[in-house]
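Visitor: pasting a predicted model and its sequence here:
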2 protein chains.
Amino acid sequence: MTTAPFLEPVQDGLRAVEDLMRQQATRHHHDLDAALQHLLSAGGKRLRPALALLVGEMLGADPQRLTTLAAAIELLHTATLVHDDLIDGSLLRRGIPTLNASWSPAATVLTGDFMFAQAARLAAMAGSLAAMRLFAETLAIIVNGEISQLFDGPGRADREAYYQRIYAKTASMFVLATESPALLSHAPEADTLALRAYGHDLGIAYQIVDDILDFTGDQARLGKPVGSDLRHGLITMPTLLYLENHPHDADLQALLAGETPSPEAVDALIRRIRDSEAIALAAADARRLARQAAVHLDAFPDSPQRRALQAVAEYIVARDF
Amino acid sequence: MTTAPFLEPVQDGLRAVEDLMRQQATRHHHDLDAALQHLLSAGGKRLRPALALLVGEMLGADPQRLTTLAAAIELLHTATLVHDDLIDGSLLRRGIPTLNASWSPAATVLTGDFMFAQAARLAAMAGSLAAMRLFAETLAIIVNGEISQLFDGPGRADREAYYQRIYAKTASMFVLATESPALLSHAPEADTLALRAYGHDLGIAYQIVDDILDFTGDQARLGKPVGSDLRHGLITMPTLLYLENHPHDADLQALLAGETPSPEAVDALIRRIRDSEAIALAAADARRLARQAAVHLDAFPDSPQRRALQAVAEYIVARDF
């Protein structure tokens, strides 16, 4: 559970979300319940439900329906990770063994499906058809993005394609977290759109930071080798910005052409990117987007929740890379 | 598309459902769209949406919302089959190659996920939170059933366990098809419960017939070897009834004890079951349940739709085994 000070206003709410999620992991087949408990224990920052709670409380949403919606969003997020890790063959997430590390593919597929079902059930119980529809559309966007990546490989190495990809992968779920409580609260359309834009820009900034950390983090903390995106042929913001300034890097061009450079060449390329100006440029882009996210909140009167949402935008880019 | 005469009242409705489902298979990644079109072309009897349309029309549901709900149900059904076939390693369904026969597991998992998302989106668009909730609960029941089967293997060889298993596997989706249009139509609770009971008994009868055909059908028409359930260690109604009358069959006892008899011994066991009185007894049980299903419809005034629903119950058990 997060202890970031700006999430103070929703500490009680997050506890209720946690309880509700864990209640979904009882009364089924005991192996399934154990798997669900394991997945929920693996934790994470619970950033998405925190955002949903902050927005909902800011708009005066019904607390019980809001808790239910926030739990649905986090369960949906967790379900997509379960199938993701299976597809990528990832054995660790947040330093904890993934489900597919110890379970068969069949059991892992079904556990993900079960979490989808429980997430959808909670989303329906939150009592807003508009939120429910956004919920389903978000899942479709995420999965379509994964399928595109699976079939197209790295795809075009330009910013537009990159932003599109991380919208599908990450920002769409942030949009769900910030827009659906507005739909639940029957907020005016302009407010709903502002919160959608906040979630979008925040999510893009968040993923850019994540993509920077893939180059600058240390292996122990990342729980995976440094530069693992590039090792998997995935072109992220640091690589894109490096490419703009070093268009003739032979190893990178080989990678983009679908060739497989030697592991030593990839190691060296990752070091060149990490030590280049691309990291600072990517961080600047993330900060620009986080500031832009916060500006969308200007439409709302001052409140502890609005201040917390602004603090989230500052927090996710407030680190030295 | 079905041409059963009793489905005449919903022919137009079924065409609208078909169109709506195919609209969900456009505007995404082209490989995904192609896979979705393939899955929808593989067809099937469209029995579940037909049931939903008949019930909804009988109750005066809004036609557009009813079409949307019926399409959601058939997409959900198809999505569960996609993951099922992957898990079972099935290469054919209805004589047509399954998705996993030609696609990677990753692509197959994601295509199933995408269909879940599209099904949930349509279910939300149908505009009934109660129907949406039943929709999500049905998915949870189906998946929990599959997980139980995966972990427990054949499980207890008694009728109660069998009925429970085929409720999760088949009848729960029939319940969704017959109860959700009642929820959409705000039918009185007694009517909703009667339609739920109709769907339940019909679904159980349907699955018993399917399980009989696994013994009595011919391989070409089944698209799989005769007795494939038993070959996979799955104990269905014919085997249960055979066991009641032949408790000392050594090969069957070996199978129940988790041993693996020789293929020849299993072939011979399948023949013994097929040629025993168990087939007629299982058929009698299916007919009893189909009659019981039809009785639940007595609560409704006579109408072409009610007569069609009664005809469905007669039709699914109207064959010589």
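Guide: Great, that's in hand. Residues are numbered from 1 along each chain as shown, chains lettered A, B, ... in the order given.

Visitor: how far away from the center of its chain is the lowest-mean-pLDDT helix or strand in chain A?
Guide: In chain A, no helix or strand scores lower on mean pLDDT, DSSP states H and E than helix A:219-222, which sits at a mean of 70. Mean-position distance between helix A:219-222 and its chain equals 18 Å (Cα atoms, centre = their mean, to the nearest Å).

Visitor: next secondary structure after it?
Guide: Following helix A:219-222 in sequence order, the next helix or strand is helix A:228-231 (DSSP states H and E).

Visitor: give me the contacts around the least confident helix or strand of chain A.
Guide: For helix A:219-222, contacts defined as Cβ atoms under 8 Å, 6 or more residues apart in numbering or on different chains pick out A:L213, A:D214, A:P225, A:V226, A:S228. Quick note: C-beta positions are derived from backbone N, CA and C, even for glycine.

Visitor: give me the pLDDT for the residue lying closest to A:R287 once chain neighbours are set aside.
Guide: With Cβ to Cβ, 6 or more residues apart in numbering or on different chains as the criterion, A:R287 has its nearest non-adjacent residue at 4.7 Å, and that residue is A:V317. pLDDT, A:V317: 95.

Visitor: any idea how far A:V317 is from chain B?
Guide: Taking Cβ to the nearest Cβ, to the nearest Å as the measure, A:V317 falls 31 Å from chain B.

Visitor: so what's that residue up against?
Guide: A:A205, A:V209, A:A283, A:A286, A:R287, A:A290.

Visitor: circling back to that earlier point, nearest to chain B among the contacts of helix A:219-222?
Guide: Nearest to chain B among the contacts of helix A:219-222: A:S228, at 17.5 Å, using Cβ to the nearest Cβ.

Visitor: so what's the residue count around that closest one?
Guide: 17 (other Cβ atoms under 10 Å in any protein chain shown).

Visitor: to which secondary structure element type does the closest residue to it other than its chain neighbours belong?
Guide: Counting by Cβ to Cβ, 6+ apart, A:S228 lies nearest to A:D214, which is 6.3 Å off, once chain neighbours are set aside. In terms of secondary structure, A:D214 is helix; the call rests on DSSP: H, G, I helix; E, B strand; the rest coil.

Visitor: ok, which stretches of the stretch 1-150 of chain A are strands?
Guide: Secondary structure of the stretch 1-150 of chain A (DSSP state E, counting those that start in this stretch): strands located at A:92-93, A:96-97.

Visitor: distance between the last one and the chain's centre?
Guide: Distance, stretch centre to chain centre, for strand A:96-97: 18 Å (Cα atoms, centre = their mean).

Visitor: tell me the mean pLDDT for that strand?
Guide: Across strand A:96-97, the average pLDDT comes to 79.

Visitor: how about stretch A:127-135?
Guide: Rounded mean pLDDT across stretch A:127-135 is 96.

Visitor: off-centre distance for that stretch?
Guide: Worked out by Cα atoms, centre = their mean, stretch A:127-135 lies 20 Å from the chain centre.

Visitor: give the buried residues for that stretch.
Guide: By 16 or more other Cβ atoms under 10 Å in any protein chain shown, the buried positions in stretch A:127-135 come out as A:G127, A:S128, A:L129, A:A131, A:M132, A:R133, A:L134, A:F135.

Visitor: got it, and stretch A:144-157?
Guide: A:N144, A:G145, A:E146, A:I147, A:S148, A:Q149, A:L150, A:P154, A:G155, A:A157.

Visitor: contacts only, for the residue most central in space within chain A.
Guide: By Cα atoms, centre = their mean, chain A has its centre lying nearest to A:T170, at 4.0 Å. With contacts defined as Cβ under 8 Å, 6+ apart, the neighbours of A:T170 are A:G203, A:I204, A:Y206, A:Q207, A:D210.

Visitor: show me what the helix or strand harbouring the second one is packed up against.
Guide: If I follow you right, that is A:I204. Using DSSP H and E, A:I204 sits in helix A:189-216. In this structure, helix A:189-216 makes packing contacts with helix A:47-58, helix A:159-166, helix A:172-184, helix A:228-231, helix A:237-245, helix A:263-274, helix A:278-295, helix A:304-316, judged by 3 or more Cβ pairs under 8 Å, 6 or more residues apart in numbering or on different chains; DSSP states H and E.

Visitor: next, count neighbours for the nearest residue in space to A:D285 that is not next to it in sequence.
Guide: Spatially, and ignoring its direct neighbours in sequence, A:D285 is nearest to A:I208 (6.0 Å; Cβ to Cβ, 6+ apart). A:I208 has 28 neighbouring residues, counting by other Cβ under 10 Å.

Visitor: per-residue confidence, A:I208, what does it come out as?
Guide: With respect to pLDDT, A:I208 scores 98.

Visitor: mind checking how far it is from A:A283?
Guide: 8 Å (Cβ to Cβ, to the nearest Å).

Visitor: next one: A:M237
Guide: A:M237 is 9 Å from A:A283, by Cβ to Cβ.

Visitor: between these two, which one's more packed in?
Guide: Regarding A:M237 and A:A283, a neighbour count based on other Cβ under 10 Å identifies A:M237 as having more, with 27 against 20.

Visitor: just to revisit the earlier point, now flag whichever of the buried residues of stretch A:144-157 is closest to A:R48.
Guide: When the buried residues of stretch A:144-157 are compared for distance to A:R48 (Cβ to Cβ), A:G145 wins out at 16.9 Å.

Visitor: sounds good, over and out.
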